[in-house]
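1. Can you look at this prediction? I've put the sequence above it.
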Amino acid sequence: MHEKSPYLIQHAHNPINWYPWGYEASTKARRENKPILLSIGYSTCHCCHVMERESSSNVEIAAIMNKHLVCIKVDRGERPDLDQTYITAVNAMTGSAGWPLKVFLTREGESFSGGTYFPPIPGGGWPGSRGFPNYDIGAAT
């Protein structure tokens with residue numbers, strides 16, 4: 001990532017292959033027949049920092065995500081249009097939404113599932129990041 005956003009810079013060295021929102025990521029998803037994981041957050045979000053530390057920096061989780069998903073990282077301050085669209089979608093699907101916002105998209109960019117905080121392993125009522133490839137991914141095909 002070649003970004004100026006403090007939030008995106010914070011994730012630039014994660015082992016997850018983060019893409020910016022745009023043509024390259026959507027083309028990769030279609031070409032490789034993979035769903036998209038859209039992650040939206042901001043630099044002062046406490047849970048965004050927790051998830052970055054627990055999941056985005058985890059090499060094992062990154063390998064799973066890189067293999068099965070095209071991962072897109074967006075700063076909500078830079079793209080309030082995307083934030084509003086997808087927070088509304090996740091709220092409609094789950095009854096709640098917040099940040100970090102995680103939205104699963106089809107290769108064509110249609111949302112089919114999502115949530116907020118995903119710890120490395122399931123617990124406390126939260127689904128785990130290690131399970132991302134199995135998280136309603138069938139809906140993307």
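-> Received the coordinates, thanks.
2. For the residue nearest to Ala62 when sequence neighbours are not counted, give me phi and psi.
-> Counting by CB to CB, 6 or more residues apart in numbering, Pro15 is the residue found nearest to Ala62 once chain neighbours are left out, at 3.6 Å. To be clear about C-beta, it is placed using only N, CA and C from the backbone, and glycine gets the same treatment. Comment: the main-chain dihedrals of Pro15 come out as phi -70, psi -10, following degrees, to the nearest 10.
3. Arg107 now?
-> Arg107 adopts backbone torsions of phi -60, psi -20, taken as degrees, to the nearest 10.
4. which ones are touching it?
-> Residues in contact with Arg107, defined by CB atoms under 8 Å, 6 or more residues apart in numbering, are Ser26, Ala29, Arg30, Asn33, Lys34, Pro35, Ile36, Ala140.
5. now with 10 Å?
-> Contacts of Arg107 were listed using CB atoms under 10 Å, 6 or more residues apart in numbering, and they are 26-36, 70, 140-141.
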